[in-house]
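Student: Sequence first, predicted coordinates after that:
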Amino acid sequence: MDLQNQQRIKDAAEKYGAENCVVVLGSSDAEGAEIYAETVTNGDPTFAGPLAGVPLGLPVYHVFDEAIREECDPAQWEEQISMMEMVLDPPALAAAVKGMRDEYSKFTL
């Protein structure tokens with residue numbers, strides 16, 4: 001996660017309260033998704049960005065998580081996301097993010 005996005009997330013959590021924010025990731029690989037999820041829950045593991053040492057505890061989900069899919073308009077899902085379901089591994093992506101959420105998130109949907 002780049003430094004600008006880390007700062008945007010930190011600013012949103014400070015402005016609206018971490019309990020009122022949700023992070024939805026769309027990473028295409030499980031390892032990246034896991035690192036991004038750790039960054040917004042437990043702080044930047046590389047200690048290089050604005051979230052270094054800042055455990056926001058935000059609820060974080062991958063777009064392929066069933067809880068997110070249930071909130072989406074089916075027509076929009078079909079148009080915007082369904083193609084990626086065919087070429088990626090949705091269960092692995094959702095599981096990678098869920099692991100970090102279960103371990104470090106302080107809030108839920």
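Tutor: Yep, that arrived.
Student: Can you list the low-confidence ranges for this structure?
Tutor: Applying pLDDT under 70 to the chain flags no residue at all.
Student: Tell me which stretches of it form helices.
Tutor: Under the criterion DSSP state H, the chain contains helices at 3-16, 30-42, 66-69, 74-80, 82-87, 90-104.
Student: Could you export the first one as CSV, CA atoms only?
Tutor: C-alpha atoms of helix 3-16 as CSV (Å, rounded to 0.1, in the frame of the first residue of the first chain):
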residue,chain,number,x,y,z
LEU,A,3,2.2,6.1,1.4
GLN,A,4,-0.6,8.3,0.0
ASN,A,5,-3.2,5.7,0.5
GLN,A,6,-1.9,4.9,4.0
GLN,A,7,-2.3,8.6,4.8
ARG,A,8,-5.8,8.8,3.4
ILE,A,9,-6.9,5.8,5.5
LYS,A,10,-5.3,7.3,8.6
ASP,A,11,-7.0,10.6,8.0
ALA,A,12,-10.4,9.0,7.4
ALA,A,13,-10.1,7.0,10.6
GLU,A,14,-9.2,10.1,12.6
LYS,A,15,-11.9,12.2,11.0
TYR,A,16,-14.8,9.7,11.1
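Student: any idea of the angle that helix forms with helix 30-42?
Tutor: 40 degrees (axes from the mean of the first three to the mean of the last three CA atoms, to 10 degrees).
Student: Give the buried residues for helix 3-16.
Tutor: Within helix 3-16, the residues that qualify as buried are 5-6, 9-10, 12-13, counting by 16 or more other CB atoms under 10 Å. C-beta here means a position set from N, CA and C on the backbone, and glycine is covered the same way.
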